[in-house]
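>>> below are the sequence and a predicted model; questions follow.
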Amino acid sequence: MIAEDFTAAFGGAPDGVWAAPGRVNVIGEHTDYNDGFVLPMALPQGVTAAAARRPGSDVRVVSRQEPGDPVTFGLDAGPGTVTGWAAYVAGVVWSLHSAGFDLGGADLAVDGDVPAGAGLSSSAALECAVAAALSDLFGLRLGPNALARAAQRAENDFVGMPCGIMDQMASMASREGHLLFLDTRSLTTEHVPFDLAASGHALLVIDTRAPHRLVDGEYADRRQTCEKAAAALGLAALRDVPAGTLPETLSALDDETQRRRVRHVVTENERVLDVVRRLRAGDVTGVGPLLTASHASLRDDYAVTVPELDTAVEAALAAGAFGARMTGGGFGGCVIALVPAERTDPVLAAVRREFAAHGFAEPTGFVATPSPGARRLR
Ligand code: GAF
């Protein structure tokens, strides 16, 4: 399909087709830019990119979701020169080219099925599919961590979103049937088996379809508050708050907002480690309360939830979920609920009823299965 789009736009056949997934984060929210721990998994939904080298130094790209003439830019196109969806593509080209990698001209056709604006990392999927394609096309021989870093740099310095590394690592490095336990400081990973069908559970993703409000400014603000708090504590990052010292750490801070943000980050890192321990021990049900505690912390201390997210979590719990939480950056987007496998429909129906009662838009839902990371399809 994507190869046909390529041929229709540029003539000829692509040199290859690559895919990279969106993600859902099971736990470890707003910890990545604090050098902490995260536990995401890749979704079956993602972006495919058909690509070929072309003579010269221009890159041309078309998107099935944004029909129209190809967007064309040079290898040296810098931040601000390409905007909209194509900025994620141009950003990756810029990131690799300006880091000294020897790229040439290229044609790309992209297609994606990650719901946009739902906080499921459609942008990281696009960046990572393009990064994987360019690495292979030009023989860069970059591994998943280096490609994820290049994609993150595209988002930070070209698109202008100061995100951490979680989404790009989840897209590049995930493994089918597993969660990706990632130390965002060292980029050390462990693939934690997550076979929910075997244990009679399911992970329900509920897209609240709440409009994102003030996302960029609020995200940057949270990040800056954490960095200021770390500096005030004399630490490189909040990751470095020593275990078991939360009360002393909080009382060393003068600012109540900083105290709340720090409490979230420190306790969230502990919850990630606790979830990993439970999964290794086969205690899937025991993960539920940790998800719910994460949501409460994101609501009360980190202040990144909105009424739709809180309502979805409460309705899912009332309908029999073992645990539920918002996932991703917040201010809209999705909730995940860990449910008994046979309760996925009733839980989603309960959330829908509650949303109707509140006058919210009708939410959508799907059961997430841990899927492979970025790869070449042909
Ligand atoms: C967004 C960011 F892109 C991630 O880096 C991460 O910080 C997340 O919000 C919150 O955990 O998805």
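Received the coordinates, thanks.
>>> only C-alpha atoms for contact and neighbour calcs from this point on.
Noted.
>>> and the particular helix or strand that has residue 295 in it, what does it pack against?
In this assignment (DSSP states H and E), residue 295 forms part of helix 288-300. Helices and strands touching helix 288-300, by 3 or more CA pairs under 8 Å, 6 or more residues apart in numbering; DSSP states H and E, are strand 16-27, helix 256-280, strand 323-327.
>>> and if we set it to 6 Å?
Helices and strands touching helix 288-300, by 3 or more CA pairs under 6 Å, 6 or more residues apart in numbering; DSSP states H and E, are strand 323-327.
>>> pLDDT (mean, whole number) over stretch 50-61?
The predicted model gives stretch 50-61 an average pLDDT of 98.
>>> can you give me the buried ones in it?
Neighbour-count burial for stretch 50-61 flags 50-53, 58-61 (criterion: 16 or more other CA atoms under 10 Å).
>>> again, but for stretch 359-370
Within stretch 359-370, the residues that qualify as buried are 360, 363, 365, 367-370, counting by 16+ other CA under 10 Å.
>>> and if you look at stretch 267-285?
Within stretch 267-285, judged by 16+ other CA under 10 Å, the buried ones are 267-273, 275-276, 279, 284-285.
>>> ok, residues contacting it?
27-28, 37, 287 (CA atoms under 6 Å, 6 or more residues apart in numbering).
>>> what helices or strands is the lengthiest strand in the chain leaning on?
For the chain, the strand reaching the highest residue count under DSSP state E is reported as strand 37-54. Counting contacts by 3+ CA pairs under 6 Å, 6+ apart, strand 37-54 is packed against strand 16-27, strand 105-112, helix 122-137, strand 178-183.
>>> run through the residues of the chain sitting next to the ligand.
29-32, 163-167, 328-329 (CA under 6 Å from any ligand atom).
>>> what's the closest of the buried residues of stretch 50-61 to the ligand?
Nearest to the ligand out of these is residue 61 (CA to the nearest ligand atom; 23.6 Å).
>>> confirm the closest one sits in a helix?
No: assigned with DSSP: H, G, I helix; E, B strand; the rest coil, residue 61 falls outside any helix and is strand.
>>> not counting its neighbours along the chain, what's nearest it?
In this structure, residue 61 finds its nearest non-sequential neighbour in residue 108, 4.7 Å apart by CA to CA, 6 or more residues apart in numbering.
>>> look up how far residue 293 lies from residue 247.
Remark: distance between residue 247 and residue 293 (CA to CA, to the nearest Å) = 18 Å.
>>> higher neighbour count, the two?
Comparing residue 247 with residue 293 by neighbour count (other CA atoms under 10 Å), the higher total belongs to residue 293, at 17 against 10.
>>> what helix or strand is the most centrally placed residue in the chain on?
When the chain is reduced to its mean C-alpha position, the closest residue under CA atoms, centre = their mean turns out to be residue 167, at 3.3 Å. Under the criterion of DSSP H and E, residue 167 resides in helix 166-173.
>>> list of residues touching that helix?
If you take CA under 6 Å, 6+ apart as the criterion, helix 166-173 is touched by 20-21, 124, 144, 148, 373-374.
>>> now, among these, which is nearest to the ligand?
If you rank those by distance to the ligand using CA to the nearest ligand atom, residue 124 comes first, at 8.1 Å.
>>> ok, residue 12 - how many residues close by?
Using other CA under 10 Å, residue 12 has 12 other residues around it.
>>> tell me the spacing between it and residue 32.
The gap separating residue 12 from residue 32 is 42 Å, by CA to CA.
>>> ok, now residue 40?
When CA to CA is the yardstick, residue 40 and residue 32 sit 11 Å from each other.
>>> between the two, which has more neighbouring residues?
Just comparing residue 40 and residue 32: by other CA under 10 Å the higher neighbour count belongs to residue 40, 27 against 23.
>>> look up the closest residue to that one, ignoring the ones flanking it.
By the measure of CA to CA, 6+ apart, the closest residue to residue 40 outside its immediate chain neighbours is residue 25, 3.8 Å from it.
>>> what bits of the stretch 251-378 of the chain have low per-residue confidence?
Along the stretch 251-378 of the chain, no part satisfies pLDDT under 70.
>>> and the residue of it closest to the ligand?
Proximity to the ligand, evaluated over the stretch 251-378 of the chain using CA to the nearest ligand atom, is greatest for residue 329 at 3.4 Å.
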